[in-house]
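K.L.:
Sequence and predicted structure, then a few things I'm wondering about:
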Amino acid sequence: MNYTESFGEFASRVTPTDLALYAGVGLVVWVLFKEKLSPVQQFLGGLVEKLKGVVSSNKTPTAPVSSPKVPVLDKVDKEDIFFKLVVSWKQTRDLAVASNCTEAVKVADQMFPYLSPVVCGKDKV
């Protein structure tokens, strides 16, 4: 073996047989010394987890996913919320009518069909 050759020269002569021998030696060393390598594996595993944490913290932050807590509403609150919803619908429909957006008016009328003056007008005819 020539000790003065560069790694590039050595690597150019590596054959599949050499690679199989290196893998075999690595397997034997791992089997014989796996108890002594366990702390090294734990250290490397912890290091990898820390790196994953650093990489993920560099990305855009995301809020943890949790189920929203819905407050329990009594009857008065439910009626108030429904009234606010109807008022919001009426304002949206009036804006669509004022803007001459017929498609938006049709969609608004489908949301609350019995409140729509178009539908109520059809019932009276």
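P.N.:
Perfect, I can see it now.
K.L.:
For the rest of this, base every contact and every neighbour count on C-alpha atoms.
P.N.:
Noted.
K.L.:
From the chain's centroid, how far away is the longest helix anywhere in the chain?
P.N.:
Taking DSSP state H as the criterion, the chain has its longest helix at helix 16-58. Centroid separation for helix 16-58 versus its chain: 30 Å, with Cα atoms, centre = their mean, to the nearest Å.
K.L.:
Then stretch 91-101?
P.N.:
37 Å.
K.L.:
Can you mark which positions in it are buried?
P.N.:
In terms of neighbour count (16 or more other Cα atoms under 10 Å), stretch 91-101 has its buried residues at 93, 96.
K.L.:
Helix or strand, whichever it is, which one in this protein has the lowest mean pLDDT?
P.N.:
When the helices and strands of the chain are compared on mean pLDDT, DSSP states H and E, helix 117-124 comes out lowest with a mean of 55.
K.L.:
re the thing from before, pLDDT of the longest helix of the chain, averaged?
P.N.:
Helix 16-58 carries an average pLDDT of 82.
K.L.:
Name the next helix or strand following it along the chain.
P.N.:
Counting by DSSP states H and E, the element after helix 16-58 in chain order, helix or strand, is helix 75-98.
K.L.:
and the helix or strand following that next one with helix 75-98, angle?
P.N.:
The C-terminal neighbour of helix 75-98 among helices and strands, as given by DSSP H and E, is helix 102-111. Note on geometry: by axes from the mean of the first three to the mean of the last three Cα atoms, to 10 degrees, helix 102-111 and helix 75-98 are set 160 degrees apart in direction.
K.L.:
Packing partners of helix 102-111?
P.N.:
helix 75-98 (3 or more Cα pairs under 8 Å, 6 or more residues apart in numbering; DSSP states H and E).
K.L.:
for the record, mean pLDDT for the helix it packs on?
P.N.:
Averaging pLDDT along helix 75-98 yields 81.
K.L.:
starting at the chain centroid, how far to it?
P.N.:
Put simply, helix 75-98 sits 34 Å off its chain's centre (Cα atoms, centre = their mean).
K.L.:
hmm, who's touching it?
P.N.:
102, 104, 105, 108, 109 (Cα atoms under 8 Å, 6 or more residues apart in numbering).
K.L.:
Perfect, I'm done here.
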